[in-house]
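Engineer: Starting from these lines, generate the structure:
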Amino acid sequence: MRHNKKINHLGRTSSHRKAMLSNMANSLIFHKRISTTTAKAKALKMFVEPLITKAKNDTTHSRRVVFSSLKSKEAVSELFREVVVKVGERPGGYTRILKTGNRLGDDAEMCIIELVDFNENMLAATETKTKSRRSRRGGAKKAEAPVAEAPAADTTEEPKAE
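Structural biologist: Residues are numbered from 1 along each chain as shown. Here you go, the predicted model:
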């Protein structure tokens, strides 16, 4: 039984796994989206989201804690300068995993992991999307035939004969 075994070891030693996740987090912070396997993306999500939450509080201590995980001054400065500005209001869920199919060589499940507020295409699509109501009966509303009106009961006006 695997009770309380949350961490996916990814078939690597502890030091190799930590180094790999650190490098992938650096790439995600710099490029805002990376392509990887689904298992690595889920492990990366658990690794990077607490770092982004820690970066919301811009203190020396939080910078040192984030640096101990990322091991890159450039990534830390990018995270505190640009990433936190966009995700500052968000209470969590800073990354999105989009599945892209299987890899040709070994049939591994591939996906794209990206920072949520940096995908301009998806943000523009949600802003321009309008809600339309669709019916199961006949799709869109069809133009109705004009209804013949009853003649008016006004007798004061008579047609003129020429």
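Engineer: Look up the closest residue to K99, ignoring the ones flanking it.
Structural biologist: Of all residues not flanking K99 in the chain, C111 sits nearest, at 4.7 Å (C-beta to C-beta, 6 or more residues apart in numbering). The C-beta positions use only the backbone N, C-alpha and C, and glycine is treated the same way.
Engineer: How about the contacts made by the one you found?
Structural biologist: C111 makes contact with S35, T36, T37, T38, A41, I97, L98, K99, T100 under the criterion C-beta atoms under 8 Å, 6 or more residues apart in numbering.
Engineer: top of these by neighbour count?
Structural biologist: The residue in the contacts of C111 with the most neighbours, by other C-beta atoms under 10 Å, is A41 (24 neighbours).
Engineer: In terms of pLDDT, where does it sit?
Structural biologist: Listed pLDDT for A41 reads 98.
Engineer: same question, E120
Structural biologist: You'll see E120 listed with a pLDDT of 82.
Engineer: What is the burial count for it?
Structural biologist: Applying other C-beta under 10 Å, we find 8 residues neighbouring E120.
Engineer: which residues does it contact?
Structural biologist: For E120, no contacting residues are found, by C-beta under 8 Å, 6+ apart.
Engineer: That one and L79, how far apart?
Structural biologist: Using C-beta to C-beta, to the nearest Å, E120 is found at 19 Å from L79.
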